[in-house]
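S.K.: I would like the atomic coordinates for the input below:
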Amino acid sequence: MIDIIALNKNILVIVEVKARSDSIFGNPEDAVSSKKIKLLVLAADDFIQTKELNFDVRFDVITYVVEKQKWTQNHIEKHSILLN
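M.R.: Alright, predicted model coming up:
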């Protein structure tokens, strides 16, 4: 499942959102496995083909970590790729 699909300046942005209650077990972005990435690419390709879109695609990760009741957000932009 794709968390967010957005259009930003003619780039279709596919976003995975990860949150953690603390960083003791690592950064949330580390939980985006190669299997998850493959599934996101397949889902994005299906979405693009179904909607007959012609955009470059960028895969981003947005993370949230809460420590001591303070939320920290990080937006990681990945390089654009062409799926179609």
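S.K.: what about this structure, any weak spots by pLDDT?
M.R.: 79-84 (pLDDT under 70).
S.K.: quick one: the strands in it, in order.
M.R.: Secondary structure of the chain, counting by DSSP state E: strands at 4-8, 11-20, 56-67, 70-81.
S.K.: now for those strands, which one comes closest to Leu42?
M.R.: Leu42 lies closest to strand 11-20 among those, at 11.1 Å (Cβ to Cβ). The way it works is simple: take the backbone N, C-alpha and C, and place the C-beta from them, glycine included.
S.K.: quick one: strands adjacent to the closest one?
M.R.: Here strand 11-20 is paired, per DSSP bridges, with strand 4-8 (antiparallel), strand 56-67 (parallel).
S.K.: next, the buried residues of that strand.
M.R.: Within strand 11-20, the residues scored as buried using 16 or more other Cβ atoms under 10 Å are 12-16, 18, 20.
S.K.: make JSON lines from the residues you listed and add distance to Thr72 to it.
M.R.: Below are these laid out as JSON lines (distance: Cβ to Cβ, whole Å):
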{"residue": "Leu12", "distance to Thr72": "27"}
{"residue": "Val13", "distance to Thr72": "21"}
{"residue": "Ile14", "distance to Thr72": "23"}
{"residue": "Val15", "distance to Thr72": "17"}
{"residue": "Glu16", "distance to Thr72": "17"}
{"residue": "Lys18", "distance to Thr72": "12"}
{"residue": "Arg20", "distance to Thr72": "10"}
